[in-house]
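Student: got a predicted structure here, sequence first:
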Amino acid sequence: MGNNHPLYIWQDVTQTFLQASQELKLGELLHDDVFRLFEAMSAIEIMDPKMDSGINTNMTPLTFDTAAKCGHLPLADITPEQFIGIMDESLTALVVWLEGHSLVQTVFTNLYTHKPDLIRDEPMQCFTTAYLRIVEVVRKIILEAGVSEEEDHQPTLYGFKMPGNVTYTHTDQNMHKHELSISQKLKSIEESFPENGEHKELNKAVNLRLTFVRYFLNGLLSIDKGEMLEGMRGLGQAKDLIESVIATVNTGVKPEAGKHMLGFDPATNQRLLPPTFPRYTQMKDRAESYQYIKTMITQIMGIADINHVQGFSGALSFYETFSASGPVLLSRSVMHLFYTPLPSSAMFPYSNTAGAGGASNAARKSGNLQDLLQESCREFHLPPAILESTKMSSSATAGNVNIQQVRQCLDMFFFQCCRPFGFLLQSYGHNRARQREKLAAVLEEFFTPQEEADKIDKMLNSLTLHVEGDSGGSEQQQSLYLSSWLIYHVIKIMIKYILSGFELELFAVHEYTYIFFYLHDLLYPWLINCLHRADISRKEIVPKKKEKNKAKLKNAAKNQSKHQQFALEMAVNQAKSMLCGGLLKFMIAAKKEKKIQIPSARFDNEEVRYRHRFDAFSGLFTPPMAPYEHYKEVVNLTEEIAAKDLYLLASKDFSQSRHILESLIQNIDVEPELRQEVADLITLLKTNFVVSSILGKDAGTRAIHFDFALHPHFPLLKLV
């Protein structure tokens, strides 16, 4: 170095690298002792703004103080155009944060949020305080619900105070006063922008936004306290203003080309980010952000419909439907808080009891999961023991079984069921990709309740025989009341677990064979059998109730309604079972004619793949996991049939399934959502029938395409 020799001699290898990389085929990665898969996946593409966080290191990030000095952050005399632009940009940052980005890359790029107490412009100071309060309440709701994943939400505050110097160390009364003062200030500030004179249009746009923020904040605060009716009212008022707000988004200032938005600096918190390259944050269009908020509010307001559902089964169906609609994180969190199990196994809808500053869970929840599950079992097939045991004295006995002992066993059983069913409800609060792994964990929790149900059913049958006399005969002793109810729910979870793999595109085409086998040969038949046994059980109980009290017409109507519900569910599942049977035959025929690409035997082990796909079912007591040998036996027998005959057999299955669904919607009153699914399935079955019939007559050389655009779980067959 003393001779001024350079420390490093840099050499440009760009062209050499590009020429060498051309020898790599698509999907190939270079491997070396110092460059393995980990290094390849961690490599950063220099000068790519999505990967290279230091691309703008020549620009000095602005702070609150430096931005105020240079005029980028006006602290007083903010014009209406600037106010509108800053409010719109702030709410856009809020939406991007809700989509899973970091607070320091979204909300806190607004420099006003760093020191709101130093803002001299009263409207801007009040808006900033309310804005931070919104962020704080949203963050609290999401964290309390506990249904977010790493990719959903990043709650870290990085040392920022929320909002200003107000913390939860204050008393609940002081916090409530502070919230009221924010709302009152927002309302009074609206009067400082008169909607007449020279700037009446701009002032009107400012007032719209201030009113929207006030309603939005009040709605979220009410929800956080458990005041759902008041919260829905506030959010509804905010929603009504959004279209008017969107119509004026162009009146606010926007960033100039190559410059940052007034009052914002995306790099201001660069040093707070982790050493690894940060997640790339792209701000949304302002109008699109308001539409996002409108959709989110609509979803939250739709949660109130759960008040109209009946019992646990109705709530579970509501959860499934709500989850399938693709709700955003905040609406999923509110849903979970609105009706969800407590650690003490309680279920609630929110009560109207007001809490202050975030009331405890126990204060805002009512109802009991254990009672709801027992009522669900009672409604499923009217178990005589559950119906009659409360009428008998605790000293009565049935054989060697004491009635009090049976009551205790029933209570213990439903208490044990609270944990898996509580986890099931919670799993529906997670995003669709995470739900599948949550369902696998839920299935593991059902082993102990299933084992207990099998033991208690023997006690219940003894009690039933004692209550109804010897006339019940041995037929009653074979009834598995608790087991059937539990198996019914377990199988529905198993079916959902498998079908979600199609939604997430987890299965290769050649795997469809054992997927449809499992649905057709095991799950759907078990589910139909459970429904049939429950229906028969209700029919056996109803006449005896009529003999005791013929005046109970309401019960008769209720039982008839339940019978129609069972008939509807059995018909739909029967149609889906036949659809899966047709697809199974179609897949085997297509494999025989080599129309489906299968892995090379040298690199493949189908048994390992089979066990991997259904490993989540291995810990269940009932139904037992179908062994791979049984699957191979079915496939080998089916393969003995000629391919063209298999296509024709598949077409018959599709045709029979279609006839079941067509007669269903003609003879039974079907809900609109189910009616739409049935209509889609009928269209799918018609097409599949035509395709399989064509291949049954002349297979030719045309390839097969499986299209899931019409239905997320069952493919539409196409010839290409």
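Tutor: Alright, I've got the coordinates.
Student: all helices of the stretch 401-550 of the chain, in order?
Tutor: With DSSP state H, counting those that start in this stretch as the definition, the stretch 401-550 of the chain shows helices at residue ranges 403-427, 432-444, 447-468, 473-477, 481-503, 512-518, 524-548.
Student: could you list the low-confidence segments of the stretch 101-250 of the chain?
Tutor: 163-182, 191-192, 195-198 (pLDDT under 70).
Student: can you give me the strands for it?
Tutor: For the stretch 101-250 of the chain, strands defined by DSSP state E, counting those that start in this stretch do not occur.
Student: thinking again about what came up before, residue 73 is nearest to which of the helices of the stretch 401-550 of the chain?
Tutor: With Cβ to Cβ as the criterion, residue 73 lies closest to helix 432-444 of the helices of the stretch 401-550 of the chain, at 39.9 Å. Where C-beta positions appear, they are placed from N, C-alpha and C, glycine not excepted.
Student: so that closest one versus helix 403-427, what angle?
Tutor: 160 degrees (axes from the mean of the first three to the mean of the last three Cα atoms, to 10 degrees).
Student: which helices and strands does helix 432-444 pack with?
Tutor: helix 403-427, helix 481-503 (3 or more Cβ pairs under 8 Å, 6 or more residues apart in numbering; DSSP states H and E).
Student: most packed of those helices?
Tutor: helix 481-503 (a mean of 21; mean count of other Cβ atoms under 10 Å).
Student: just want the angle from that one to helix 403-427.
Tutor: Going by the same axes, to 10 degrees, helix 481-503 makes 10 degrees with helix 403-427.
Student: any chance of the helices and strands packed on helix 432-444 in a markdown table with distance to residue 118 and mean pLDDT as columns?
Tutor: Formatted as a markdown table, these follow (distance: least, Cβ to Cβ, whole Å; pLDDT from 0 to 100):
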| stretch | distance to residue 118 | mean pLDDT |
| --- | --- | --- |
| helix 403-427 | 43 | 87 |
| helix 481-503 | 50 | 94 |
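Student: can you put the helices of the stretch 401-550 of the chain in CSV and add distance to residue 369?
Tutor: Below are the helices of the stretch 401-550 of the chain laid out as CSV (distance: least, Cβ to Cβ, whole Å):
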stretch, distance to residue 369
helix 403-427, 5
helix 432-444, 15
helix 447-468, 13
helix 473-477, 29
helix 481-503, 14
helix 512-518, 31
helix 524-548, 21
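Student: ok, which of those helices comes nearest residue 262?
Tutor: Across the helices of the stretch 401-550 of the chain, closest to residue 262 is helix 432-444 (Cβ to Cβ), at 38.0 Å.
Student: residues in contact with that closest one?
Tutor: Outside helix 432-444, the residues that touch it by Cβ atoms under 8 Å, 6 or more residues apart in numbering are 149, 323, 326, 420, 423-424, 426-428, 430, 490, 493-494, 496-497, 500-501, 503-504, 616-617, 619-620.
Student: could you do stretch 230-246 as well?
Tutor: 205, 208-209, 211-212, 215-216, 218-223, 287, 290-291, 293-294, 297-298, 300-301, 304.
Student: let's see that with 6 Å instead.
Tutor: By Cβ atoms under 6 Å, 6 or more residues apart in numbering, the residues outside stretch 230-246 that reach it are 208, 212, 215-216, 218-219, 222-223, 287, 290, 294, 297, 301, 304.
Student: of these, buried ones?
Tutor: 208, 212, 215-216, 218-219, 222-223, 287, 290, 294, 297, 301 (16 or more other Cβ atoms under 10 Å).
Student: which regions of the stretch 301-450 of the chain sit below the pLDDT cut-off?
Tutor: 340-367, 383-403.
Student: returning to what we had before: and the buried ones among the contacts of stretch 230-246, which two are furthest apart?
Tutor: 222 and 287 (27.3 Å).
Student: sorry, back to before: would you list the helices and strands packed on helix 432-444 in CSV and tack on distance to residue 73?
Tutor: Formatted as CSV, these follow (distance: least, Cβ to Cβ, whole Å):
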stretch, distance to residue 73
helix 403-427, 43
helix 481-503, 46
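Student: in this structure residue 531 contacts residue 568, no?
Tutor: No: using Cβ atoms under 6 Å, residue 531 makes no contact with residue 568, being 9.9 Å away.
Student: tally of neighbours for residue 274?
Tutor: 7 (other Cβ atoms under 10 Å).
Student: hang on, it is in a helix, isn't it?
Tutor: No: under DSSP: H, G, I helix; E, B strand; the rest coil, residue 274 falls outside any helix and is assigned coil.
Student: quick check: pLDDT value at it.
Tutor: Note for residue 274: predicted pLDDT of 73.
Student: that one and residue 105, how far apart?
Tutor: Computed as Cβ to Cβ, to the nearest Å, the residue 274 to residue 105 distance reads 12 Å.
Student: what's the answer for residue 599, then?
Tutor: From residue 599 to residue 105 the distance is 43 Å (Cβ to Cβ).
Student: between the two, which has more neighbouring residues?
Tutor: residue 105 (24 against 13).
Student: still on that earlier bit, tell me which of the buried ones among the contacts of stretch 230-246 fall in helices.
Tutor: Here DSSP state H is the test, and those give 208, 212, 215-216, 218-219, 222-223, 287, 290, 294, 297, 301 as lying in helices.
Student: mean confidence for stretch 280-295?
Tutor: 92.
Student: buried sites along that stretch?
Tutor: Of the residues in stretch 280-295, those buried (16+ other Cβ under 10 Å) are 281, 283, 286, 287, 289, 290, 291, 292, 293, 294, 295.
Student: the residues you listed: which two are farthest apart?
Tutor: Longest span within the buried residues of stretch 280-295, Cβ to Cβ: 281 and 294, 22.3 Å.
Student: circling back: now for the helices and strands packed on helix 432-444, which one comes closest to residue 19?
Tutor: Judging these by Cβ to Cβ, what sits closest to residue 19 is helix 481-503, at 42.4 Å.
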